[in-house]
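Peer 1: here is my input; please provide its structure:
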Amino acid sequence: MRRLILLFSIALCLAMTNSSGQAGRFTCKAAQNLARVAALDRDAVIVEPDESKKECRFSINGEPAGSPPRELIIEAANLLRSGKPSEALEKSSVDWLSFLLLAASTDTTVDDSFRQQLFANKNALAGCFKALEANAFDIPAFNSEDRTVFCRGAPRGGANFGFAGRFQVEVVSAVPYLVVGAMRKESASYLFVPLGFRPPSPPR
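Peer 2: Now for the predicted structure:
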């Protein structure tokens, strides 16, 4: 299975890189063999490093790769696309974000503890998404007190992300990104959203 995931990642990387000269490259170091995927610079990408299984999973524009029910992830991606995700967070709605973060996960339901992680940081997360909605480059960075949730900007060129040296993901891109990260027990989820995010609607 790990080999199939790696091969799929490489094939998708080559196909998408050939389709556009403007591609963001995402490298996940948790896999037994290095996993990498490429996406257009207008695509939102979810990366799921899993150290216990030594594999990496990817989702582009919320297209499920296992994870919670597809219709819930599509609704979450549509909310993100609508330009008002900060309002949902300010109204204490975090389920949409949890569904989106788990789009590349093997989890099929949202654990209460994960939902609580996001709820405890909803105001700071709302501030990050407000910057995204305004296409502002100065995205306010924050890291939760327990260091399990963060939000910050990734500049043009690229950056590395992780949790105390674990679940390492590197992005190289020509555009800046908003990055939301959340760590669970033996895995983490990263949501990369480019400024000016307006992906095509997922097929139904």
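Peer 1: just the buried residues of stretch 37-56, please?
Peer 2: For stretch 37-56, a neighbour-count test (16 or more other C-beta atoms under 10 Å) marks 37-51, 53, 55-56 as buried. Every residue, glycine included, has its C-beta placed from N, CA and C.
Peer 1: now the end-to-end length of it.
Peer 2: 10 Å (C-alpha to C-alpha, to the nearest Å).
Peer 1: now that stretch: average pLDDT?
Peer 2: Mean per-residue pLDDT for stretch 37-56: 85.
Peer 1: gap between stretch 134-143 and the chain center?
Peer 2: 16 Å (C-alpha atoms, centre = their mean, to the nearest Å).
Peer 1: in strands, which of the buried residues of stretch 37-56 fall?
Peer 2: Among these, the members found in strands (DSSP state E) are 37-40, 45-50, 55-56.
Peer 1: so which residues of the protein form strands?
Peer 2: Using DSSP E, strands in the chain cover 23-28, 35-40, 45-50, 55-60, 142-143, 149-154, 159-163, 166-172, 177-183, 188-194.
Peer 1: right, so these: which one is the most enclosed?
Peer 2: Highest mean neighbour count among these (mean count of other C-beta atoms under 10 Å): strand 45-50, with a mean of 27.
Peer 1: just to revisit the earlier point, distance to residue 101 added to the strands of the chain, as TSV?
Peer 2: Output for the strands of the chain, formatted as TSV (distance: least, C-beta to C-beta, whole Å):
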stretch	distance to residue 101
strand 23-28	15
strand 35-40	17
strand 45-50	7
strand 55-60	10
strand 142-143	16
strand 149-154	10
strand 159-163	14
strand 166-172	13
strand 177-183	6
strand 188-194	4
